[in-house]
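S.K.: pasting the sequence and the predicted model now:
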Amino acid sequence: MIASLQVVIFFVFYIAIFGLCLWALIDLLRRPSNAFPQAGKRTKGFWGAIVGVATAVSFSVIPIPGVPHLPSFLALLAAVGGIVYLVDVKPAVTPYSGGRGRNGPRGPSGPSGGW
């Protein structure tokens with residue numbers, strides 16, 4: 001009983017990591033290439049490689065019965081790549097993305113400059 005519960009919890013954990021990495025990859029692909037250097041970040045190609053590999057690894061770690069998969073600890077490394085993009089790079093490039101994102105091209109204060 002406990003062992004089967006652990007298997008379900010780990011499966012949900014791996015699916016969540018894959019979803020996080022996939023979200024980061026989709027967001028990255030929607031950003032223009034020139035937004036990354038303008039934000040002071042590495043190039044879109046660099047982050048594409050990091051997040052793309054993280055997404056592929058996180059998918060390959062999902063345990064499917066009868067299908068070989070990568071070692072489980074690699075899921076944590078994949079999660080780091082996705083999380084770093086989402087919490088550091090994405091907020092930095094959003095203002096330079098030509099209106100993409102929740103706050104638009106001018107940031108949260110809007111055209112008037114704030115209060």
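M.R.: The structure has been received and is ready for your questions. None of the values given here were measured: they were computed from a predicted structure.
S.K.: and the residue most central in space within the chain, what element?
M.R.: Centroid-nearest residue in the chain, with Cα atoms, centre = their mean: Ala24, separated by 2.5 Å. Ala24 belongs to helix 2-30 when assigned by DSSP states H and E.
S.K.: so Lys44 sits right up against Phe36, yeah?
M.R.: Yes. Lys44 lies in contact with Phe36 (Cβ atoms under 8 Å); the separation is 5.0 Å. Bear in mind the C-beta positions are built from the backbone N, C-alpha and C, glycine included.
S.K.: for the helix holding Ala24, give the mean pLDDT please.
M.R.: Mean per-residue pLDDT for helix 2-30: 93.
S.K.: what are the buried residues along it?
M.R.: 13-14, 17-18, 20-25, 27-28 (16 or more other Cβ atoms under 10 Å).
S.K.: what's the pLDDT at Gly101?
M.R.: You'll see Gly101 listed with a pLDDT of 48.
S.K.: hmm, back to that, widest-spaced pair of the buried residues of helix 2-30?
M.R.: Phe13 and Leu28 (22.9 Å; Cβ to Cβ).
S.K.: got the contact list for Lys44?
M.R.: 28, 31-33, 35-36 (Cβ atoms under 8 Å, 6 or more residues apart in numbering).
S.K.: put together TSV for these, with distance to Pro68 on each row.
M.R.: Formatted as TSV, the contacts of Lys44 follow (distance: Cβ to Cβ, whole Å):
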residue	distance to Pro68
Leu28	28
Arg31	34
Pro32	38
Ser33	36
Ala35	38
Phe36	36
